[in-house]
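Peer 1: The following block contains a protein sequence and its predicted model.
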Amino acid sequence: MSIFQDSPSLLRGAFVCAVLTTAVMGLGCGREASSLNRVTGRVTFKGDPVPVGVIQFTPDTSAGNSGAAGFAEIRDGVYDTTASGRGVIAGAMIVTIDAYSMKNVNPDFLPNGEPLIVGYKERVNVGTDLETELNFVIDPKRR
């Protein structure tokens, strides 16, 4: 039974809220979608492709870069911000990677399996080319 079933005005309110939230998020931080770069690459952990994970590119404000973050899903060690995420602005970035094993999957608690590493960080520079390839070899001893 849906809480919206008995209250059409509540449903309309939730819909309006969702639309407004999406519109505000779509404004970004002043950069047009055409100025976003496609970033692709491979991610390995202990020499093996990361089964599943997320990679996020956050502008490095300490290096004078600002704007919206870009991201992508990692599948079988490969990511592509155009295929499953959001493009990346040029400049200094802090990359954060969360990687999971797909082993001992529990839909309620571990939907992607056991974590391999969460919060791995690395600084990179994304050039002004429309497409950039960046590969990451995760060293579990370095965070």
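Peer 2: Nice, I can see it.
Peer 1: got the contact list for Trp54?
Peer 2: Actually, residue 54 is Val. It isn't Trp. Neighbouring residues of Val54 by C-beta atoms under 8 Å, 6 or more residues apart in numbering: 71-74, 97-98. The C-beta positions use only the backbone N, C-alpha and C, and glycine is treated the same way.
Peer 1: Show me how to select, in ChimeraX, the buried members of those residues.
Peer 2: In ChimeraX, a selection of the buried entries from the contacts of Val54 looks like this (16 or more other C-beta atoms under 10 Å):
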select :71,72,74,97,98
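Peer 1: quick one: buried residues of the longest strand seen in the chain?
Peer 2: Longest strand in the chain, counting residues (DSSP state E): strand 115-126. Judged by neighbour count (16+ other C-beta under 10 Å), strand 115-126 contains these buried residues: 116-117, 120, 122, 124, 126.
Peer 1: List the neighbouring strands of that strand plus their orientation.
Peer 2: When pairs are called by DSSP bridges, strand 115-126 turns out to pair with strand 91-100 (antiparallel).
Peer 1: hmm, who's touching the partner strand?
Peer 2: Counting by C-beta under 8 Å, 6+ apart, 43, 45, 50-60, 63-65, 74, 110, 112-126, 134, 136, 138 sit against strand 91-100.
Peer 1: switch the cut-off to 7 Å
Peer 2: If you take C-beta atoms under 7 Å, 6 or more residues apart in numbering as the criterion, strand 91-100 is touched by 43, 45, 50-60, 63, 65, 74, 112-126, 136, 138.
Peer 1: just for the chain, where's the confidence low?
Peer 2: The chain contains residues with pLDDT under 70 at 1-34, 142-143.
Peer 1: Secondary structure element for the nearest residue to Phe136 once chain neighbours are set aside, which one?
Peer 2: Closest residue to Phe136 apart from its sequence neighbours, by C-beta to C-beta, 6 or more residues apart in numbering: Val43 at 4.8 Å. Assessed by DSSP states H and E, Val43 sits inside strand 38-45.
Peer 1: so what strands line up beside that strand?
Peer 2: Counting by DSSP bridges, the strands paired with strand 38-45 are strand 48-49 (antiparallel), strand 78-80 (antiparallel), strand 131-133 (parallel), strand 136-138 (parallel).
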